[in-house]
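> Following is a predicted model, sequence given first.
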Amino acid sequence: MEIIKARKADAPLIARSIMDAVGAEICENLAGENRTLADVERLFTTLAERDDSQYSYLNTLVAADDGGKAVGVIVSYDGAQLAELRKPFFELVKTVLDKNLDDVEDETDADEFYLDTLAVLPEYRGKGIAAMLIKGAVERAADAGKPAGLLVDKDNYRARRLYERVGFRAVGERPFCYVMMDHMQFKG
């Protein structure tokens, strides 16, 4: 297994990973009554193909198996860039899904490097790939001179154990799409 920079061709996997990470309820709420989950997936694929969005392939590391198949992703970026990186997301949500999310609170701030999305294909889980991806993102954070931070659902005990095992500790709470989450930072 190798951790590499994502390619534009990885956009569909990045999109599915984002949807997996945020969960069915948030994706269904994004789709609303007049759109489908396929519309939401197309939106995230478009954002992953761009080079100016928070979900861009440029902000993504991929776990590739020995045959080069992408089997997991982690999306992360400098929190100081969140406002600029979010603009394409908000614009596409308005035009494609007819929703206004301008009142969504920031889930990170300028003082941290935010680990936004982590997902591994189901058949590859339990093999240490998520920890390898996190390590790659933490190295990017160190290169940026900032602590790595993330949010975890209060009820996602499996993810919390993984984050604690690789060195993250709870430092407070933050909202994500109107839901209060636990905020964790890498402490080594």
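Alright, I've got the coordinates.
> C-alpha only now, for contacts and for neighbours.
Fine.
> And the next helix or strand past the helix or strand of the chain with the lowest mean pLDDT?
Ranked by mean pLDDT, DSSP states H and E, the weakest helix or strand in the chain is helix 24-31, scoring a mean of 89. Per DSSP states H and E, the first helix or strand lying C-terminal to helix 24-31 is helix 37-49.
> May I see the buried residues of that next one?
37, 39-49 (16 or more other Cα atoms under 10 Å).
> Helices of this structure, residue ranges please.
Applying DSSP state H to the chain gives helices spanning 11-22, 24-31, 37-49, 82-97, 129-144, 157-165.
> what's the spacing between the last one and its chain's center?
Going back to what we said before, that points to helix 157-165. Mean C-alpha position of helix 157-165 versus that of the full chain (Cα atoms, centre = their mean, to the nearest Å) differs by 16 Å.
> what residues does that helix touch?
Outside helix 157-165, the residues within contact range by Cα atoms under 8 Å, 6 or more residues apart in numbering are 131, 152, 169.
> In that helix, which residues are buried?
Quick answer for helix 157-165 (16+ other Cα under 10 Å): 160, 163-164.
> which one of the residues you listed is nearest L115?
Y163 (11.1 Å; Cα to Cα).
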